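1. predicted coordinates and the sequence they were generated for:
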Amino acid sequence: MKYLLVIMSVFVIGNAQAQKKKKQDIEAIKSMCGCYDVSFNFAETFAPEKDYEFHKNYYSGALEYAMLVEDSKDKVVIQHLLVIGDSMIIKHWRQDWIYENTDFHMFDKDNTWKYVSMPADKVKGQWTQKVYQVDDSPRYEGTATWVHVDGRSFWESTTDAPLPRREYSKRSDYNVMVRGNRQEITDYGWVHDQDNSKVLRKGEDKEIAREKGWNTYKKVDESKCQPAIDWWNDKQAYWSDVRTVWDELFAQKQTVQLEKQKDGQVLFMRLFGLEGEMLEGGYDSAKAQTKIKETINSYLKGDLSLAMN
């Protein structure tokens, strides 16, 4: 009897500690929301080949709003919006955080994401960060444990990803970026610290160069991002349906392959154009989802497709 009570006590204490830790994790993730002055900085640092010609350092900045669009028991969704001037808003990347997730679409190469299922014990206590393109198509995913120690909170993971937008149309000497991602909460906001490897994947991987990335998100007054908040309130119904359709595709748990272009247009241009068409004259969710499915299906390669109602 005493032995049973000891076992039960250990279980209760362990569960309480896990819930406390999970609450800390969620607080850290949600603290990345808000209005930010963002600085993007990248520099190539090393190359295996002596004659490699290092590319120029990349610097850029933006005003960006990170909006909380879903906050459920095991999932937090944050949509990033770029604010340009007083009225121009650009839908930027999205990050989903899922607790103890076992389903992944891992980037391979050439617009291909392979479905991978992980055992539950391998992701216990971990959070998956799923990063999506501006049109909510897949980008990269990684899983790791949030760490809270010595007054610091951070999460870090290494995973394969497509080329970054800053080099997507400029580089052909590599086709995979092995991303070393570290998100750390700071007193001014948060930082996205990166140690990346640029890899040519043709059979065996060949490292072309390494780079350091240091992106800082410094929180500013929320009023500076009010145009982004207003824009999202007007557009969110459409983009909610876009996410719903993509989720339906991912739920099939199969490899996703996408055409880079169709009739001279990339996918995000088609989905961005469809936004205006669907929102004009009153929004019809069922009609929008049908159009979104048609559009995404036209870019899918192989046998995978979305069922049309």
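-> Good, I have the coordinates. Numbers count the residues shown, from 1 in each chain.

2. need the pLDDT of the nearest residue to A286 once chain neighbours are set aside.
-> Excluding its sequence neighbours, the residue lying closest to A286 (CB to CB, 6 or more residues apart in numbering) is N309, at 7.9 Å. For every residue, glycine as well, the C-beta is placed using N, CA and C. At N309, the pLDDT value in this model is 74.

3. immediately after the least confident helix or strand in the chain by mean pLDDT, which helix or strand?
-> When each helix and strand of the chain is scored by mean pLDDT, DSSP states H and E, helix 2-30 comes last, with a mean of 74. Using DSSP states H and E, the helix or strand that follows helix 2-30 in sequence is strand 34-46.

4. can you list contacts of that next one?
-> Strand 34-46 is contacted by residues 54-55, 57-66, 166, 189, 194, 209-225, 228 when judged by CB atoms under 8 Å, 6 or more residues apart in numbering.

5. and for stretch 171-186?
-> Contacts of stretch 171-186 (CB under 8 Å, 6+ apart): 28, 31-32, 107, 109-110, 129, 140, 142, 152-164, 190-202, 205, 208-209.

6. mind checking which of those are in strands?
-> 107, 109, 129, 140, 142, 152-161, 190-202, 205, 208-209 (DSSP state E).

7. now which of those would you call buried?
-> 107, 109, 129, 140, 142, 153-157, 159-161, 190-200, 208-209 (16 or more other CB atoms under 10 Å).

8. mind giving me the packing neighbours of the strand or helix carrying I292?
-> Counting by DSSP H and E, the element that carries I292 is helix 285-297. Helices and strands touching helix 285-297, by 3 or more CB pairs under 8 Å, 6 or more residues apart in numbering; DSSP states H and E, are helix 226-250, helix 267-279.

9. could I get those as a markdown table with mean neighbour count and mean pLDDT?
-> Listed next are the helices and strands packed on helix 285-297 as a markdown table, based on neighbours: other CB atoms under 10 Å; pLDDT from 0 to 100:
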| stretch | mean neighbour count | mean pLDDT |
| --- | --- | --- |
| helix 226-250 | 17 | 97 |
| helix 267-279 | 16 | 96 |
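
10. dump these into JSON lines; add distance to K91 as well.
-> JSON lines is the format used below for the helices and strands packed on helix 285-297 (distance: least, CB to CB, whole Å):
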{"stretch": "helix 226-250", "distance to K91": "7"}
{"stretch": "helix 267-279", "distance to K91": "8"}
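
11. quick one: low-confidence parts of the stretch 1-150 of the chain?
-> 1-15 (pLDDT under 70).

12. quick one on the thing from earlier: could you check how many residues crowd around the residue nearest to A286?
-> 7 (other CB atoms under 10 Å).

13. so how far is D247 from it?
-> 16 Å (CB to CB, to the nearest Å).

14. same check on E64?
-> Taking CB to CB, one finds E64 at 24 Å from D247.

15. F272 against D135, yeah?
-> Yes - F272 lies in contact with D135 (CB atoms under 8 Å); the separation is 7.1 Å.

16. quick revisit: make sure the residue nearest to A286 is actually in contact with T290.
-> Yes - N309 sits in contact with T290 when judged by CB under 8 Å, with a separation of 6.8 Å.

17. list the contacts for Y188?
-> With CB under 8 Å, 6+ apart, Y188 has these contacts: 216, 218-219.
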